[in-house]
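Chemist: missing the sequence, but the structure's below:
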């Protein structure tokens, strides 16, 4: 008798305040996946133009090429069906559909690794980060 085993996907959230190393940790995890020869796609919102137009960049100047998208719909349209790992930087800047998109990708067997601020300058949680932390298999909260 043959049994069907569903693909095991996951959501990993790297959150924290500014200058806490979120992007650096995201880059580290995605590089490890690339070294393991996994198919990796990396996305960032077009609003993020701090250090580079087409890379995610840490404060320690580590870099990885990224696909720049305006919203979740464009992210999904740019997604390669062969990707095994999906990285998203500055997740707090995406529209609210990013939460369900991450859940769906994980349900389809993909490893989804996101990084983003957990709170705004008033100490209020960013809803995307908060909601992803609630459903994630792994949460890393960095402190500066």
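Modeler: The structure has been received and is ready for your questions. No experiment lies behind these values; they were computed from the predicted model shown.

Chemist: show residues contacting the host helix or strand of residue 74.
Modeler: Assessed by DSSP states H and E, residue 74 sits inside helix 72-78. Under the criterion Cβ atoms under 8 Å, 6 or more residues apart in numbering, residues 41, 43, 67, 69, 88, 94, 95, 97, 98, 101 lie in contact with helix 72-78. Just so you know, the C-beta spots here come from the backbone N, C-alpha and C atoms, and that holds for glycine as well.

Chemist: now for those, which pair is the farthest apart?
Modeler: 41 and 95 (18.7 Å; Cβ to Cβ).

Chemist: quick one: which of these two has more around it?
Modeler: residue 41 (19 against 14; other Cβ atoms under 10 Å).

Chemist: are we agreed that that one is in a strand?
Modeler: Yes: counting by DSSP: H, G, I helix; E, B strand; the rest coil, residue 41 is part of a strand.

Chemist: the residue nearest the centre of the chain in helix, strand or coil?
Modeler: Closest to where the C-alpha atoms of the chain average out (Cα atoms, centre = their mean) is residue 114, at 2.2 Å. Of the three states, residue 114 takes strand according to three-state DSSP.

Chemist: so it sits right up against residue 12, yeah?
Modeler: Yes: the pair residue 114 / residue 12 is scored as a contact, 7.2 Å apart, by Cβ atoms under 8 Å.

Chemist: show me where the protein has its strands.
Modeler: Along the chain, counting by DSSP state E, strands occupy 10-16, 40-45, 55-57, 63-65, 67-69, 85-88, 111-117, 138-142.
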